[in-house]
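J.: any chance you could fold what I've pasted below:
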Amino acid sequence: MLNRVLLLSASAGAGHVRAAQALERAFNETGMALELRHIDSLEYTTKVFRNLYSRAYIEMVNHMPDVLGWLYDQFDKPWKNERRRLAFDKLNTRPFVKLLGEYQPDLVISTHFLPAEIISWLKAKQRLNTKQAIVVTDIDVHAMWLCHHYEHYFVALDETREHLVKLGIAPEKVSVTGIPVDPVFSRQKDKRAMRLKHGLDPNRITILVSAGGFGVGPIKNLARSLLELRHPAQIVAICGRNEKLKREVDHIAAEARSDVLMNAIGFTSEIDEYMAASDLLVGKPGGLTTSEALARGLVIVVVNPIPGQEERNSDHLLEEGAAIRCNNLPVLSYKIDRLLDDAARFDQMRKNVLRLARPRAAFDIVEKVSKY
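T.: Sure thing, here's the model as predicted:
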């Protein structure tokens with residue numbers, strides 16, 4: 001019986017943390033009587049290591065995406081370089097190891113590969129007697145997610161499961177649940193009502209542009225490109241905590257024609273409602289953002305995916321007919337207009353999106369691990 005459950009994320013990008021928060025809320029909604037904690041594992045590492053994982057990641061996303069993609073490929077070698085990487089991680093995670101020893105959880109759910117690797121090592125050395133579930137937070141799976149000591153993997157697609165099985169993970173230890181999103185995405189919300197609530201025209205095609213919680217990405221250029229749409233539309237640009245970006249998008253919005261409206265939104269906790277109000281999502285295909293968009297039935301327009309995991313996410317979405325991709329911003333509005341011109345294609349893509357959607361992923365994971 002579970003008494004203590006520890007959710008372990010890492011603030012290298014927002015997605016790993018959001019996945020753990022989704023699981024935390026799903027646990028709370030089930031009413032299970034247990035002690036539940038969510039910890040950012042990077043808070044229990046050395047300062048240099050923490051900066052390497054979080055700040056350096058964001059810097060590379062913004063300024064050196066090709067380097068990030070190169071690193072992704074270099075480290076994507078299943079079951080190789082494990083000892084070297086583990087030695088480096090162990091050296092920098094001693095406070096984290098101490099925390100685990102003191103807390104002694106019955107179950108650990110890792111939404112990032114760093115804590116998963118440390119837990120696996122502690123289990124191998126019999127220094128920690130706990131069950132471990134690993135939640136892969138991208139559509140594809142990278143070699144760094146591979147562990148030797150675990151109870152279960154949760155993944156996004158059947159193909160991802162097959163990939164893990166081919167790499168030696170026992171088939172009965174991999175479940176296809178989707179990536180966990182906030183339980184609020186499992187509740188239907190009326191599109192018209194959400195548009196009216198947020199001051200949007202209830203009758204226009206609505207395009208959501210998201211930079212994520214950090215407010216990064218080519219949002220200004222996206223906004224300018226979208227103003228050239230032929231179809232009457234309204235654009236909702238989520239700028240996150242980047243106040244400077246919001247001011248810049250507000251300035252661009254003032255240039256909009258009467259048939260293409262634009263709204264700049266700062267950080268919001270109501271992203272599910274903006275998604276419910278929208279028809280398309282334009283932006284980067286991060287694992288969590290993609291899963292949320294699918295849950296809300298949004299066709300995805302992939303722009304500038306980060307080399308590595310987002311490129312692979314993009315490939316899956318394109319293959320499944322749930323997205324289009326724009327590699328050149330000057331033709332962004334042209335590509336969207338072409339899609340909107342073809343009502344049958346757009347309708348089929350919406351159906352493909354709903355086929356892929358897993359709005360109850362967090363609940364399905366909680367149900368599975370609660371039987372341990």
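J.: helix or strand for the residue nearest the centre of the chain, which one?
T.: For the chain, the residue nearest the mean C-alpha position is Leu288 (1.9 Å; Cα atoms, centre = their mean). Using DSSP states H and E, Leu288 sits within helix 287-295.
J.: same check, this time on Arg325
T.: Using DSSP H and E, Arg325 falls in strand 323-326.
J.: buried residues in that strand?
T.: Ala323, Ile324, Arg325, Cys326 (16 or more other Cβ atoms under 10 Å). Just so you know, the C-beta spots here come from the backbone N, C-alpha and C atoms, and that holds for glycine as well.
J.: for stretch 301-321, same thing?
T.: 301-317, 320-321.
J.: and this structure, what are its domains?
T.: For the chain, automatic domain parsing gives the domain ranges 4-183+359-369, 187-356.
J.: turn these into JSON lines, including mean pLDDT.
T.: Formatted as JSON lines, the domains of the chain follow (pLDDT from 0 to 100):
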{"stretch": "domain 4-183+359-369", "mean pLDDT": "90"}
{"stretch": "domain 187-356", "mean pLDDT": "91"}
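J.: how about the strands in the stretch 51-200 of the chain?
T.: Ranges of strands within the stretch 51-200 of the chain are 107-110, 131-135, 152-155, 174-176, based on DSSP state E, counting those that start in this stretch.
J.: make a markdown table out of those and add mean neighbour count and distance to Arg55.
T.: Formatted as a markdown table, these follow (neighbours: other Cβ atoms under 10 Å; distance: least, Cβ to Cβ, whole Å):
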| stretch | mean neighbour count | distance to Arg55 |
| --- | --- | --- |
| strand 107-110 | 27 | 22 |
| strand 131-135 | 26 | 24 |
| strand 152-155 | 25 | 29 |
| strand 174-176 | 18 | 33 |
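J.: who wins for proximity to Ile219 among those strands?
T.: strand 131-135 (28.8 Å; Cβ to Cβ).
J.: list the helices and strands that closest one packs on?
T.: strand 107-110, helix 113-124, strand 152-155, helix 361-369 (3 or more Cβ pairs under 8 Å, 6 or more residues apart in numbering; DSSP states H and E).
J.: looking at those, which is nearest to Glu43?
T.: helix 113-124 (11.4 Å).
J.: and the closest one, how far from the chain's centre?
T.: 22 Å (Cα atoms, centre = their mean, to the nearest Å).
J.: which residues touch that helix?
T.: Residues from elsewhere that reach helix 113-124, judged by Cβ atoms under 8 Å, 6 or more residues apart in numbering: 8-10, 41-42, 53, 85-86, 89-90, 93, 96-97, 100, 108, 110, 128-130, 132, 134, 142, 144-145, 147-150.
J.: mind doing that once more with 6 Å?
T.: With contact meaning Cβ atoms under 6 Å, 6 or more residues apart in numbering, helix 113-124 is reached by 8, 10, 41, 93, 108, 110, 128, 132, 134, 144-145, 147-149.
J.: buried stuff in that helix?
T.: Phe113, Leu114, Pro115, Ala116, Glu117, Ile118, Ile119, Ser120, Trp121, Leu122, Lys123.
J.: distance to Lys77 added to those residues, as CSV?
T.: Compiled in CSV, these are given as follows (distance: Cβ to Cβ, whole Å):
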residue, distance to Lys77
Phe113, 14
Leu114, 18
Pro115, 21
Ala116, 17
Glu117, 15
Ile118, 20
Ile119, 22
Ser120, 18
Trp121, 19
Leu122, 24
Lys123, 23
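J.: and the strands in the stretch 201-350 of the chain, which stretches?
T.: Using DSSP E, counting those that start in this stretch, strands in the stretch 201-350 of the chain cover 205-210, 233-238, 260-265, 280-283, 299-303, 323-326.
J.: can you list the strands that the second one pairs with?
T.: Paired strands of strand 233-238, with direction, are strand 205-210 (parallel), strand 260-265 (parallel) (DSSP bridges).
J.: pick the most deeply packed of those.
T.: Mean neighbour count (mean count of other Cβ atoms under 10 Å) peaks for strand 205-210 among the strands paired with strand 233-238, with a mean of 24.
J.: got the angle for that strand vs strand 299-303?
T.: Angle between the axes of strand 205-210 and strand 299-303 is 50 degrees (criterion: axes from the mean of the first three to the mean of the last three Cα atoms, to 10 degrees).
J.: most distant residue from the centre of this structure?
T.: Ser258 (34.1 Å).
J.: noted, bye for now.
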